[in-house]
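*Asks:* 3D, please:
(one chain, ligands or ions: 2)
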Amino acid sequence: MKPELFHKPFDPPNLLRYMLRHTRVLAAYLSWRILSILVTVPFPVITQRIVDRSIPNRDYAGMCLYTCYGLLLLLIHYGAMRIALKELSSNLQVMMRAMRARIFQKLQFMHFGFLDKTQTGRLLSKYAFDTQHIEGAMIPILFNVIPETVRALALTLVLTWVDPWLTAFVLLTVPVFAIVRISYFKRIRRSNRAVRLARERLTGQASEFISAIKLVRGFGQEPEVRGNMENVSDDYSASRQQQMMVNQSMNVMVFMMFTGLNLLAVAFGGFLAIQGVLTIGAIIALVSALPVILNPINLYTQVSIQYLLGSESYQSIKEVMDSGYVEKWQGKEKPSPLRGKIEFEHVRFHYPEKEELVLHDLDLTIEPGEHVAFVGPSGSGKSTTVNLLLGLYAPSEGVIRIDGVPQERLGMRYLRRNSAIVMQDNILLSGTLFDNIRFGRPEATNNEVVEAARLANAMEFIEQLPEGLDTKVGERGVSLSGGQRQRIAIARALLRDPKILILDEATSALDYESETLVQEALNRLAKNRTTLTIAHRLSTVRRADRIVVLSHGRMVESGPYQELARREGGAFHSLLTAQGEA
Ligand SMILES: Nc1ncnc2c1ncn2[C@@H]1O[C@H](COP(=O)(O)OP(=O)(O)O)[C@@H](O)[C@H]1O
Ligand SMILES: [Mg+2]
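*Replies:* Numbering: from 1, shown residues only. Ligands and ions are numbered 1, 2, ... in the order given. Next comes the predicted model:
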């Protein structure tokens, strides 16, 4: 899917319209489901015929015939139902899979201005839970509400055909039943909401304490935590108790209504039968049809709660899908081969949510193959500079050109695929160390992976592991130290053989000795590619062709190491002095 597609609004404004939009996908299902329902409609008539015609006439053959009709209808019902179920389950999953794919795809293109300020948990819940709620709302509507409504209407018609008096009775009872049912609706909704909120507090609190279990135990605070948990747990129990009361009292009420109305139906029919207006069979037809006719009212009130939940979820997904927060890059140019010339032209930048400038008028040209080191105090804008280069954010003013092509016209994915970045805090995906290194270039051979690990000075610790490169690491690579993770990330970057190599404090977590070794490898690798090194320890940038000193978002000095180091009173000189290197 192309990113520009995302600028179009996400489908219909609400869940109902979304479902209507998909009627074509669901048409086959609905046809089979409605067929399966319609074949059950004649049953009250069959009963009526047996009672009114076969029994008084002692007509055994007729009785058998009616029974056979009924069995045949049931067989058709079964067949249609099976097809319908298959259609629904597969088509619904197609819809949900497409929805999840769209959300994920959108997130992949989402502007970091949005991602920075949105909790990961919230995005995750859109992806996983909101789609589930939508499914949860759609299933009962498609499976029960629509077909049962059709059945109730059809049955009412059939009753009219048997005897108009029966319909008159139905028309009187339906509103009475509806009023009782609706009067509970608000109370049920309120109690469900209370339960949901209490549950969110309970799981939120529990998950916080579980993930902080080391902290709690380390401080010996278990009793306080237990007290805290018991409070939220009590709240939850109370809300559940209330919910159960409301639900049960409604169930009792519904049972009484059903039974009472049935009794009334018999009495009403009996009265008319005595008058000679109605047959006994018609009374039986009415009694057997009444629950079916009243059923949709039950369903509406039950499903509307699920529907509300589903529509809230639908809106939450729509919010992401409709947001304009998408990377603005839609250029197509792919300078090939990429040489790696980088020009910052009067670049000014502030982060989307903050007004203050992080970079002021950065003007800098980096030649292909040049090795430039960025130094400066933390917060001076070094990482921001490389974020801008990779197009993770767009400059507020000014232009960045790669091989002379401004970012707007550049195929940004092409640029990123030809670059590699190693950061201070590197993310490992779950899988083996081997997989993690090969992430840099999936088509690399085994030997190339081993060679990259060796160059990154990672082999020495990998060989100590019982399973070597096949060692599994967790989502966060928890079992590895920061320095080990850094070496894996360096191997990943080296394997990629990028045209532009970015090292953002890539060796900061290594001890002095391994840093020297890794740095040697990195210096060797810096040849033949444009390299941007951000380093805190100034000893590691000696071999760079040029040093750029940033301070408060401005470039205050630039030149070869030796030249800057000699300039007494210069910015670089004072950084060196501070680190005891001068
Ligand atoms: N994602 C972000 N959103 C808002 N402000 C940020 C973000 N990242 C960094 N900053 C701010 O931008 C400034 C420069 O940060 P950065 O480029 O990371 O500095 P350095 O890498 O030189 O330590 C800092 O003041 C920092 O607080
Ligand atoms: Mg930084």
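*Asks:* What residues does the stretch 101-250 of the chain have near ligand 1?
*Replies:* Asp116 (Cβ under 6 Å from any ligand atom). The C-beta positions use only the backbone N, C-alpha and C, and glycine is treated the same way.
*Asks:* just the helices in the stretch 101-250 of the chain please.
*Replies:* Taking DSSP state H, counting those that start in this stretch, the helices of the stretch 101-250 of the chain run over residues 112-117, 120-125, 131-140, 146-162, 164-211, 213-218, 222-274.
*Asks:* Can I get the ones you listed in CSV including mean pLDDT and distance to Gly411?
*Replies:* Formatted as CSV, the helices of the stretch 101-250 of the chain follow (pLDDT from 0 to 100; distance: least, Cβ to Cβ, whole Å):
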stretch, mean pLDDT, distance to Gly411
helix 112-117, 78, 19
helix 120-125, 75, 26
helix 131-140, 91, 31
helix 146-162, 92, 47
helix 164-211, 85, 41
helix 213-218, 86, 46
helix 222-274, 91, 51
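*Asks:* contacting residues around stretch 34-52?
*Replies:* The contact list for stretch 34-52 (Cβ atoms under 8 Å, 6 or more residues apart in numbering) reads 62-63, 66-67, 69-70, 73-74, 76-77, 80-81, 84, 146-148, 150-151, 154-155, 158-159, 162, 279-282, 284-286, 288-289.
*Asks:* If any of those residues are buried, put those into a PyMOL selection.
*Replies:* A single PyMOL command selects the buried members of the contacts of stretch 34-52 (16 or more other Cβ atoms under 10 Å):
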select buried, resi 63+66+70+73+77+80+81+84+146+147+148+150+151+154+155+158+159+162+279+281+282+284+285+286+288+289
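*Asks:* Make sure Ser419 is actually in contact with Asp497.
*Replies:* No. Under the criterion of Cβ atoms under 8 Å, Ser419 makes no contact with Asp497, lying 11.0 Å away.
*Asks:* neighbour count winner among those two?
*Replies:* A count of neighbours by other Cβ atoms under 10 Å puts Ser419 above the other of Ser419 and Asp497, at 23 against 17.
*Asks:* who does that one bridge with?
*Replies:* As for beta bridges, Ser419 partners with Ile500 under DSSP bridges.
*Asks:* Contact residues of this protein facing ligand 1?
*Replies:* 116, 351, 354, 358, 378-384.
*Asks:* what's the first-to-last distance across stretch 271-287?
*Replies:* End-to-end distance for stretch 271-287, by Cα to Cα, to the nearest Å: 15 Å.
*Asks:* So which residues of the stretch 301-450 of the chain form helices?
*Replies:* Going by DSSP H, counting those that start in this stretch, the stretch 301-450 of the chain shows helices at 382-389, 412-417, 433-438, 446-455.
*Asks:* Determine which of those helices approaches Arg33 most closely.
*Replies:* Closest to Arg33 of the helices of the stretch 301-450 of the chain is helix 412-417 (Cβ to Cβ; 44.6 Å).
*Asks:* Alpha carbons only: can I get the closest one in CSV?
*Replies:* Only the C-alpha atoms of helix 412-417 are listed here, as CSV (Å, rounded to 0.1, in the frame of the first residue of the first chain):
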residue,chain,number,x,y,z
MET,A,412,13.5,7.8,1.4
ARG,A,413,13.4,4.0,1.8
TYR,A,414,16.1,3.7,-0.8
LEU,A,415,18.3,6.0,1.2
ARG,A,416,17.6,4.1,4.5
ARG,A,417,18.3,0.8,2.9
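*Asks:* thinking again about what came up before, dump the helices of the stretch 301-450 of the chain into JSON lines; add mean pLDDT as well.
*Replies:* Shown next, in JSON lines, are the helices of the stretch 301-450 of the chain (pLDDT from 0 to 100):
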{"stretch": "helix 382-389", "mean pLDDT": "94"}
{"stretch": "helix 412-417", "mean pLDDT": "91"}
{"stretch": "helix 433-438", "mean pLDDT": "92"}
{"stretch": "helix 446-455", "mean pLDDT": "93"}
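*Asks:* Break down the stretch 351-500 of the chain into its strands, ranges please.
*Replies:* Counting by DSSP state E, counting those that start in this stretch, the stretch 351-500 of the chain has strands at residues 359-366, 371-375, 397-402, 405-406, 419-422, 431-432, 472-473, 500-504.
*Asks:* export these to a markdown table and tack on mean pLDDT?
*Replies:* Compiled in a markdown table, the strands of the stretch 351-500 of the chain are given as follows (pLDDT from 0 to 100):
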| stretch | mean pLDDT |
| --- | --- |
| strand 359-366 | 94 |
| strand 371-375 | 95 |
| strand 397-402 | 95 |
| strand 405-406 | 94 |
| strand 419-422 | 91 |
| strand 431-432 | 88 |
| strand 472-473 | 86 |
| strand 500-504 | 93 |
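*Asks:* okay, now whichever residue of the stretch 101-250 of the chain sits closest to ligand 1: neighbour count?
*Replies:* Here the residue of the stretch 101-250 of the chain nearest ligand 1 is Asp116; by Cβ to the nearest ligand atom that distance is 4.5 Å. By other Cβ under 10 Å, the residues close to Asp116 number 11.
*Asks:* Same check on Leu88?
*Replies:* Neighbours around Leu88, by other Cβ under 10 Å: 20.
*Asks:* List the residues that contact it.
*Replies:* The contact partners of Leu88, by Cβ under 8 Å, 6+ apart, come to 26, 29, 33, 139, 142-143.
*Asks:* can we see that at 10 Å?
*Replies:* By Cβ atoms under 10 Å, 6 or more residues apart in numbering, the contact set of Leu88 is 26, 28-30, 32-33, 138-139, 142-143.
*Asks:* Can I get the buried part of those residues as one ChimeraX selection?
*Replies:* Burial among the contacts of Leu88 is assessed by 16+ other Cβ under 10 Å; the matching ChimeraX selection reads:
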select :26,29,30,32,33,138,139,142,143
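*Asks:* with the contacts of Leu88 in mind, which one is nearest to Gln486?
*Replies:* Distance to Gln486, by Cβ to Cβ, is smallest for Met138 among the contacts of Leu88, at 47.1 Å.
*Asks:* Check which helix or strand the closest residue to that closest one other than its chain neighbours maps to.
*Replies:* Spatial nearest neighbour of Met138, excluding adjacent residues (Cβ to Cβ, 6 or more residues apart in numbering): Met19 at 6.2 Å. According to DSSP states H and E, Met19 maps onto helix 15-21.
*Asks:* follow-up on the earlier one: export the helices of the stretch 101-250 of the chain to JSON lines and tack on distance to Asp403?
*Replies:* Below are the helices of the stretch 101-250 of the chain laid out as JSON lines (distance: least, Cβ to Cβ, whole Å):
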{"stretch": "helix 112-117", "distance to Asp403": "24"}
{"stretch": "helix 120-125", "distance to Asp403": "35"}
{"stretch": "helix 131-140", "distance to Asp403": "42"}
{"stretch": "helix 146-162", "distance to Asp403": "59"}
{"stretch": "helix 164-211", "distance to Asp403": "46"}
{"stretch": "helix 213-218", "distance to Asp403": "50"}
{"stretch": "helix 222-274", "distance to Asp403": "58"}
